[in-house]
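[1] Sharing a model prediction with you, sequence too.
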Amino acid sequence: MDDSLSTNLNVSIMGLICGAVFVIALLHLLKAVSGKDYFSRGDTAAGKPAHSSNMSYRSYRESFLNQPLDAHPYPKQDESSKAGCDSHLRDRKGPTDNDDCLESSDTSIESSQESDTSSWTTGEEEESESMRMEELNLKMILVVHQGPGKPLASEVARLAVTAAVGLVEKFLVREDGASQDAAPVMDEWLLWYKWWNRLGCGKIVVKCPQRDVLDGVLSAAEADGLPFYVTWQQAPSQLPSRQGHRTCGGCAATATVNNLKKAPEMGEVGEGVVVVALGPSPSSRLSPITGHLKLY
């Protein structure tokens, strides 16, 4: 039983193989007679050019490249694509519409380079300004003269604050009535004040026991053209008005170079506590004036 089934199966397979071989042979015979290719994929029917099955790829490529340009022209470019800056790899025989766009791109590149250069220049200027501020070492000096008695610490602190604030106010208020020759002096003081703020507002308090030494400090500051502010607390045995101040900072409407730098007469101050605020100014100009005084 099993042998008969196996024999029938083998016979069927052999029959199918023989039928397939017969069909293939018949198709080749029809192709030789009619010239029609029954083995192609149907590309010709779909409108696509197909090369003969017996033509190699190399020979087909050579035949395609040897055809004239009119045989396979490039697709036409629409108006929207012409407006762009697409040059692709075409041969350019003269100026085209894309030149304007290329010039605009070059201009934008140049402007960006100029902005980068300006930013570099600004950075270099800021760096040089910072170095200049560090070299000047700007600071404010508060010189305290206690007078014959020993004042309270609160009185000295109040006078020191009054002198410092009064001096700073002179940098922030610039009267329109100031003369033209006073403007450069005030501009220099204002620049020192701005840089001093950026560097931390350094302040040093020193003591000056002798009145004649204090007179010398004021005279030296006046001669060197440094900003200063004087405030004092008069002794109880003197005038009923126990407090006063005198400034050189350009607060008067008729400020000139002379009265900007003029120190008050110390006879007007009296024998009480006196505080002189100097600066902010470069250390190289303050040290010769107050460098010999000790810290308070």
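    Ah, there it is. Numbering: from 1, shown residues only.
[2] Please name the nearest non-neighbouring residue to F171.
    Counting by C-beta to C-beta, 6 or more residues apart in numbering, Y193 is the residue found nearest to F171 once chain neighbours are left out, at 4.1 Å. Bear in mind the C-beta positions are built from the backbone N, C-alpha and C, glycine included.
[3] neighbours of the one you found, just the number please.
    Applying other C-beta atoms under 10 Å, we find 21 other residues in the vicinity of Y193.
[4] One more: I17?
    I17 has 10 neighbours, counted by other C-beta under 10 Å.
[5] Let me see the contact set for it.
    When contacts are counted by C-beta atoms under 8 Å, 6 or more residues apart in numbering, I17 is found next to no other residue.
[6] Can you report phi and psi for the residue nearest to F171?
    The phi/psi pair for Y193 (degrees, to the nearest 10) reads phi -60, psi -40.
[7] residue contacts, it?
    Taking C-beta under 8 Å, 6+ apart, we find Y193 in contact with 168, 171, 280.
[8] I'd like the distance between it and A153.
    As defined by C-beta to C-beta, to the nearest Å, Y193 lies at a distance of 28 Å from A153.
[9] Restrict stretch 197-206 to CA atoms and write it as CSV.
    What follows is stretch 197-206 as a C-alpha-only set of coordinates in CSV (Å, rounded to 0.1, in the frame of the first residue of the first chain):
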residue,chain,number,x,y,z
ASN,A,197,31.6,101.9,42.8
ARG,A,198,32.4,99.0,40.5
LEU,A,199,35.5,98.1,42.6
GLY,A,200,33.6,97.8,45.9
CYS,A,201,33.6,101.3,47.4
GLY,A,202,36.7,101.0,49.5
LYS,A,203,36.9,103.4,52.5
ILE,A,204,39.7,103.9,55.0
VAL,A,205,39.4,105.9,58.3
VAL,A,206,42.5,107.4,59.8
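[10] average pLDDT for that stretch?
    pLDDT averaged over stretch 197-206 equals 89, rounded to a whole number.
[11] How many residues are close by W232?
    W232: 26 surrounding residues under other C-beta under 10 Å.
[12] My understanding was that it contacts V274; is that so?
    Yes. Judged on C-beta atoms under 8 Å, W232 makes contact with V274 at a distance of 4.4 Å.
[13] and V205, what element?
    Using DSSP states H and E, V205 falls within strand 203-207.
[14] hmm, who's touching that strand?
    With contacts defined as C-beta under 8 Å, 6+ apart, strand 203-207 is touched by 139-146, 160, 164, 290, 293-296.
[15] biggest strand in this structure by residues?
    Ranked by residue count, the top strand of the chain under DSSP state E comes out as strand 273-281.
[16] and T231, how many residues sit next to it?
    One way to gauge burial is a neighbour count; for T231, by other C-beta under 10 Å, it gives 25.
[17] cool, and the one 3 residues further on?
    Residue crowding around Q234 was assessed by other C-beta under 10 Å; the count is 19.
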